[in-house]
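Undergrad: Just a sequence and a predicted model for now, questions to come.
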Amino acid sequence: MNCEWVKANIVLYLYQELADDARHELEQHVERCPGCAAEMRDAREFQEKMSGLPVSEPSPNLLAASRLRLNEGLETAEQGAWWSRWVFDLGGWMRQAKLAPALVTAVFMVGFAGGILATWQVTHRPNAGPGDNSAAQASIAGINDITQVPGTNQVQIKYDTLQPQSVQGSLDDPQIQQLLLYAARANANSGVRINATNILAQNSQDNQVREALMFSLRYDKNPGVRLKALDGLSPYVKDDIRVRNAVLEALMNDANQGVRSEAIHLLQPVRADSSVRQALMTLAAQDKNDYIRSEAKRILASTAQID
């Protein structure tokens, strides 16, 4: 492991996005490298200062509508020549500037803010004409019903704009997928959110769908929706650290015991992971729920056999 790799991954380390083995190697390197240790201190100080600032969360409606419009724009936009996409060599400039991780984080945050502004503008652009996709153009007020035709991958979605509308198509249809994502995140009807999440779980290999399922697991107020999200995420607990962290959060913080019970079951195959083991030790020692406490002890006992 060299200093360049460490400096490029310090931000990921601070935000708990590195795998256990990479975290360990980075920590070992920082202990014996004064330069990287200084970079770590700068990045940590910047993180602490930024965490103290107030954050305004965009509304779920804005996020969902922005995704619809942005995806439509990306799918229909013409791609320019490869040489015209960059006016200058950004990578070379960054190497010459030798940016500290703190400044790199600031650049990323500015880019994120610009992305939010861009999606807001896309959401509020005027209708382009009759050739546009009507569902993506519409300002969706809500989704009333989602029904999957038994034994097929056909889905019917009824939604409101100025007047009630509906669309039917395959789960592979981008328009159907975007409406399902909108329903899973932004709809006031919990039954519709459950249906949308259940159908999305069938396509959880898609990164955008997986992000929507993690969002539902963390923030949806309906435990039925959160359970459906867990079902969809279950195949990825082992290989996707983001999914593993989301399931860990549900185990430690969810108010519903059914959700917590399913979460601890999903984490059993990755019980040797240090984060999972630490969580299990905490639960085994002090959790108020008898079932969760006993399951944590049982899994820890089996973990000792594979050490």
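TA: Looks like it came in fine.
Undergrad: List the contacts of the residue nearest to residue 204 when sequence neighbours are not counted.
TA: Excluding its sequence neighbours, the residue lying closest to residue 204 (CB to CB, 6 or more residues apart in numbering) is residue 232, at 4.2 Å. No exception for glycine: its C-beta is placed from N, CA and C like everyone else's. With contact taken as CB atoms under 8 Å, 6 or more residues apart in numbering, residue 232 is in contact with 197, 200, 201, 202, 204, 209, 210, 213.
Undergrad: Can you flag the buried ones in those residues?
TA: 197, 200, 201, 204, 209, 210, 213 (16 or more other CB atoms under 10 Å).
Undergrad: Please look at the fourth one and residue 214 and confirm they touch.
TA: No - distance between residue 204 and residue 214: 10.0 Å, which falls outside the contact criterion (CB atoms under 8 Å).
Undergrad: list the residues that contact both of these two?
TA: Shared contacts of residue 204 and residue 214, defined by CB under 8 Å, 6+ apart, comprise residue 233.
Undergrad: tell me which residues in stretch 278-294 are buried?
TA: Buried-residue list, stretch 278-294, by 16+ other CB under 10 Å: 279, 280, 283, 284, 287, 292.
Undergrad: What about the residues you listed, which are in helices?
TA: 279, 280, 283, 284, 292 (DSSP state H).
Undergrad: how about low-confidence regions in the stretch 151-300 of the chain?
TA: Residue ranges of the stretch 151-300 of the chain with pLDDT under 70: 161-164, 186-187.
Undergrad: Tell me where it has helices.
TA: 174-186, 190-200, 207-219, 223-233, 241-253, 257-267, 274-286, 290-304 (DSSP state H, counting those that start in this stretch).
Undergrad: The longest one vs helix 241-253, what angle?
TA: Okay, so that is helix 290-304. Orientation of helix 290-304 against helix 241-253 (axes from the mean of the first three to the mean of the last three CA atoms, to 10 degrees) gives an angle of 130 degrees.
Undergrad: The third one now?
TA: Angle between the axes of helix 207-219 and helix 241-253 is 10 degrees (criterion: the same axes, to 10 degrees).
Undergrad: Which other helices and strands does helix 207-219 contact?
TA: helix 174-186, helix 190-200, helix 223-233, helix 241-253 (3 or more CB pairs under 8 Å, 6 or more residues apart in numbering; DSSP states H and E).
Undergrad: Now distance to residue 2 too, for those, in JSON lines please.
TA: Shown next, in JSON lines, are the helices and strands packed on helix 207-219 (distance: least, CB to CB, whole Å):
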{"stretch": "helix 174-186", "distance to residue 2": "40"}
{"stretch": "helix 190-200", "distance to residue 2": "41"}
{"stretch": "helix 223-233", "distance to residue 2": "35"}
{"stretch": "helix 241-253", "distance to residue 2": "23"}
